[in-house]
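Enquirer: attaching a predicted model along with its sequence, questions to come.
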Amino acid sequence: MSKKNKKQKVKPQVLKGFRDYVPSEQLAREAMLAKIRDSFELMGFLPLQTASLEFAETLLGSHYNEDSLNELFGFKGPDDVDMALRYEFTVSLARFVASNPTLPLPFRRYQYGNVWRVDKPGPGRYREFMQFDIDIVGTQNLLADSEIIAGMVSTMQNLDVKNFKVRFSNRKILNGLMEYASISPEKSSDVMRVVDKLDKQGRDAVILELGAGRIDVSGDKIKGVELENSQISKMEEFLDIASVKDTDALNNVEKLLGSIEISQTGIDELRTILINLENMDVDKSCREIDLTIVRGLGYYTGPVLETTLLDLPEYGSVFSGGRYDNLVDRFLGRSIPAVGSSIGVDRLLAALIALDALKMKRATSQVLVTVMDKERLPDYLKLLRELRAAGIASEIFSGDTKNLTKQIKYGDKVGIPFAVIAGSDEFENGMVTVKNMQAGKEKAKETSDREEWLKAEDIQETIKVDTLIAYIKEKTSA
RNA sequence: GCUGAUGUAGCUCAGUUGGUUAGAGCGCCUGGUUGUGGACCAGGAGGUCGUUGGUUCAAUUCCAUCCAUCAGUACCA
């Protein structure tokens, strides 16, 4: 058949939107998770872990139909059950709360893990990705909303993210706006969706989409919401004042919508939150009221929250949420109010890597113990054991070669900062040689002569065996 | 989903106005150097030219199709 007898091979490919995390990325990711966890536990949040798979009906609720089944990783599982991978944690949290009636409320919990969505992948956007949520369930007290916002700011700060802003608004103001512009309930979610694009597409595009629609730069037609001109001009009145921030924005919107009860409630709530944030001493430069914030999700009922990186706005919101007072209804038939927010861990990680804002560690080992003389293996293992007992992460060269060149090359490639070398020269005198790989790397830049480089003195030192641990500790702490 | 662009080695790309053995740089492997990384030197592995079909004496090259990737856009519970 074919010219060569080729072995049947499986292509080593990953699914669209899925990915591997190489060790250096995973180390950064786990360091990030640890910081987030610390931030939330400092605020008294408790960990919860729920099942990755849920009944399709649990996840989708009233959306449980054919269309929505295509939008998630759903399938017929064992025992003939319709099930799906979770696409967020909030519904699972509601399910958990509904099935644990003795749970002390308010329940402050955090949860992190993978979620799965059938979305088109983009920069920092995957089909399997990690989210890290905080929520407070069982209270309408705006202190909860304020705590969530404060937690968002402090978490971003603990992650050493420099240039970010938590922006928030209130769905109640928008609900009143729908009333003001006489927009029917059927159209209001479409209108919200369009207004949500203001940031990305700009005011002109939004106005067009509220009316007859527009044609985008690629020539693609975008359907409009088909509002009346009178409705659109009322929306414009709002958009004009929405570009102003904080107290001024609230005062302006109060003039426009204050006569509508639900909007006034929303305005008052935001004022309360502002006062709380002030008393909590949350850095003003890290948060602001922005009345253009909408959030696509339909289940939000009150404050809505978003966090953007000012240096990378194209990554979208990296930490967002809001108040959802009706989600538990699905399971209980009565309301349990809740508010929460969620970090897109992988999106944020991708953004921070793109900003070069993370220290990327490559190795966990500080020391590589090389093996030159097989007869001396017990001595090498003793060194290794002592290093580890002293809390110094170490590994012995576990490859197949005795060739020292290759062992050192391995240490260089994987990024281990120190190599311990010992042969008969050292053992007979109770000594050991420690090579500083980083110093060697710098020296290599200065010299092109091999002999000179190998003889360079400050790259490695031969010291007494019993001073090895103190030596490494001193070098690594500096 | 829609619009457009692009698919040649692990990566970045060149190339063929259709013609027999498809190239470069980087990376990788081996040796120089089983007591030392980088640089250097010598050698080596690696390609169904994205898929399938069509036109042709002949297709990696032309045409169609599908698939994939990228960008924009839509949807996003």
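Expert: Good, I have the coordinates.
Enquirer: worst-scoring helix or strand of chain A, pLDDT-wise?
Expert: Lowest mean confidence among the helices and strands of chain A (mean pLDDT, DSSP states H and E): helix A:66-69, at a mean of 60.
Enquirer: what residue lies at the spatial centre of chain A?
Expert: By Cα atoms, centre = their mean, the mean C-alpha position of chain A lies nearest to A:Val345, the distance being 1.4 Å.
Enquirer: for it, which non-adjacent residue is spatially closest?
Expert: Leaving aside its sequence neighbours, A:Val345 sits nearest to A:Met130 (Cβ to Cβ, 6 or more residues apart in numbering; 4.0 Å). Glycine gets a C-beta too; all of them are placed from N, C-alpha and C.
Enquirer: likewise A:Asp160?
Expert: A:Ala357 (7.2 Å).
Enquirer: where does the stretch 101-250 of chain A have low pLDDT?
Expert: Scanning the stretch 101-250 of chain A for pLDDT under 70 picks out the ranges A:216-220.
Enquirer: all the helices of it, residue numbers only.
Expert: Per DSSP state H, counting those that start in this stretch, the stretch 101-250 of chain A carries helices over the ranges A:142-158, A:171-180, A:185-195, A:198-201, A:203-210, A:229-242, A:246-257.
Enquirer: nearest to RNA strand B, of these?
Expert: Minimum separation from RNA strand B across these (Cβ to the nearest atom of the strand) falls at helix A:185-195, 4.7 Å.
Enquirer: next one, pLDDT for the residue in chain A positioned nearest to RNA strand B please.
Expert: Per Cβ to the nearest atom of the strand, A:Gly440 is where chain A lies closest to RNA strand B, at 1.7 Å. Note for A:Gly440: predicted pLDDT of 88.
Enquirer: am I right that it sits in a helix?
Expert: Yes: membership of A:Gly440 in a helix is supported by DSSP: H, G, I helix; E, B strand; the rest coil.
Enquirer: residues contacting it?
Expert: The contact partners of A:Gly440, by Cβ atoms under 8 Å, 6 or more residues apart in numbering, come to A:453, A:456, A:459-460.
Enquirer: one step back: buried residues in the next helix-or-strand element following the least confident helix or strand of chain A?
Expert: Counting by DSSP states H and E, the element after helix A:66-69 in chain order, helix or strand, is strand A:74-76. For strand A:74-76, the neighbour count (16 or more other Cβ atoms under 10 Å) marks A:Gly74 as buried.
Enquirer: and the next helix or strand past strand A:74-76?
Expert: Heading C-terminal from strand A:74-76 (DSSP H and E), you reach strand A:82-85.
Enquirer: just the ones of the contacts of A:Gly440 in strands?
Expert: A:Gln460 (DSSP state E).
Enquirer: can you count the residues close to A:Lys406?
Expert: By other Cβ atoms under 10 Å, 14 other residues sit near A:Lys406.
Enquirer: just checking, what packs against the helix or strand where it lies?
Expert: Element membership for A:Lys406, per DSSP H and E: helix A:404-414. The criterion is 3 or more Cβ pairs under 8 Å, 6 or more residues apart in numbering; DSSP states H and E, and the helices and strands that helix A:404-414 contacts are strand A:367-369, strand A:418-421, helix A:437-446.
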